[in-house]
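In: just a sequence and a predicted model for now, questions to come.
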Amino acid sequence: MRKGKIALLAITFIAAIVIYFMSDKEIAIPIEKIKEIQTIVDETSHGKVQVDWRNVAAVAHTEYGLDSITTNEIESITARFIEKKENDYVLKDLEEVTSELEFNKRKSKQVSSFLEQLASEVVVTTENSMQRLFIESIQEAAIHNYKSYKILPSITIAQAILESDWGRSGLSTQYHNLFGIKGFNWSGKTTNLSTNEFYDQTIKDDFRMYENIYESVEDHGLFLSENPRYGKHGVFTSRTYMEQANALQEAGYSTIENEKGEKIYSKQLIELIQQYQLQLLDSHVQL
């Protein structure tokens, strides 16, 4: 009888060791499940503060397993990263959330391992190195812009991509104007170029000229802050990229429309941000 108890204890101990080490092994990451988590996290963040979907995915995997996680559980985990203080929302870091969930060392190790796997496997999709280099070239300036003017880094970069065609437009290559900002109310140099308006109209207009792209990024934030219509439409009080993209569209930053006459500027910005995971920068600066 005594030998049987000892054997049972030994088996239990070995099983615990196996489970502990298996928890660090890589698992198959279903891309569709990751996309689902991203969408739910971004929608739950809307109107509050941008949560990093990678942290939610890591906690969800550890707590429930990716295969069985439900929409309500993803929303619940996302909400744990958001705290309301007075009339504002603040973002909690991963360590604070795992502590509240009372994760032990094994679970915390699982979270870290999963995040490492996400970093190595779920990468930002770029068609070529030019796109990656363009994002990197203005990333720090975009972060600085947020600190000065509260324009989210994801929005600044997405607008630069869209307005300058990844820095390849004539306006950006020759005159360093990444955002298509026109020369109205500008004491600096301007250039007169053709531009598209609405769906299929082409006009000529004056555009601002800069010495380098960093001046362009800085003036982008200043331009928005000095124009009352952007504040009126909630650009600077928007805490997530979805809100800020919609606010920019409503404020009339761009007149672009589809063939049905529908405004599509915010949709284009949101799709770029999601495709290149630019919202992760927003989570970083909002901590």
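Out: Nice, I can see it. Residues are numbered from 1 along each chain as shown.

In: distance between the ends of stretch 255-268?
Out: The separation between the terminal residues of stretch 255-268, taken as Cα to Cα, to the nearest Å, is 13 Å.

In: show me what counts as buried in that stretch.
Out: Ile256, Glu257, Lys263, Tyr265, Ser266, Gln268 (16 or more other Cβ atoms under 10 Å). Every C-beta, even on glycine, is put in place using the N, C-alpha and C of the backbone.

In: ok, which stretches of the stretch 101-250 of the chain are strands?
Out: Secondary structure of the stretch 101-250 of the chain (DSSP state E, counting those that start in this stretch): strands located at 190-197, 201-208.

In: worst-scoring helix or strand of this protein, pLDDT-wise?
Out: Ranked by mean pLDDT, DSSP states H and E, the helix or strand of the chain with the weakest confidence is helix 2-22, at a mean of 40.

In: what packs against the next helix or strand after that one?
Out: Counting by DSSP states H and E, the next helix or strand C-terminal to helix 2-22 is helix 31-45. Applying 3 or more Cβ pairs under 8 Å, 6 or more residues apart in numbering; DSSP states H and E, one finds that helix 31-45 contacts helix 53-63, helix 71-80.

In: distance check, the residue lying closest to Thr190 once chain neighbours are set aside against Thr173.
Out: Spatial nearest neighbour of Thr190, excluding adjacent residues (Cβ to Cβ, 6 or more residues apart in numbering): Gly183 at 3.6 Å. Gly183 is 18 Å from Thr173, where distance means Cβ to Cβ, to the nearest Å.

In: format the buried residues of stretch 255-268 as TSV; extra columns: secondary structure.
Out: Converted to TSV, these look like this (DSSP: H, G, I helix; E, B strand; the rest coil):
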residue	secondary structure
Ile256	coil
Glu257	strand
Lys263	strand
Tyr265	helix
Ser266	helix
Gln268	helix
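
In: Gly183 and Thr173 - which one has more neighbours?
Out: Ranked by neighbour count (other Cβ atoms under 10 Å), Gly183 and Thr173 place Gly183 first, with 17 against 12.

In: for that one, which residues are in contact?
Out: Going by Cβ atoms under 8 Å, 6 or more residues apart in numbering, Gly183 touches Thr190, Asp205, Asp206, Phe207, Arg208.
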